[in-house]
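Novice: Provided below are the primary sequence and the corresponding predicted coordinates.
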Amino acid sequence: MIRDSSATGNNSRTLLLLHLAVFLAGWTGIFGRLISLSGLPLVWYRMAVNVVTLTIVLLFR
């Protein structure tokens, strides 16, 4: 197997981001218990936060 040496330095950052995403996804159940909104508004707020976040990420790439 051939490894690209330029991608090796980026592996640790990518792995860290993956662990952060898994950690945050694991906490969504706990956050869901603390939020007193019903299902539909909660889904819309989560979707709005994701749209804003992804838009910012894509604009600064």
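Specialist: Looks like it came in fine.

Novice: any idea how far the one residue sitting closest to the centre of the chain lies from Leu37?
Specialist: With distances taken as CA atoms, centre = their mean, Ala21 lies nearest the centre of the chain, 4.6 Å away. Going from Ala21 to Leu37 by CB to CB, to the nearest Å gives 23 Å. All C-beta atoms are positioned from the backbone trio N, CA, C, and that covers glycine.

Novice: same deal with Leu16?
Specialist: Plainly put, Leu16 is 31 Å away from Leu37 if you go by CB to CB.

Novice: Quick one: name whatever helix or strand follows the helix or strand of the chain with the lowest mean pLDDT.
Specialist: Within the chain, confidence by mean pLDDT, DSSP states H and E is lowest for helix 28-34 among all helices and strands, at a mean of 77. As assigned by DSSP states H and E, the chain's next helix or strand after helix 28-34 is helix 39-59.
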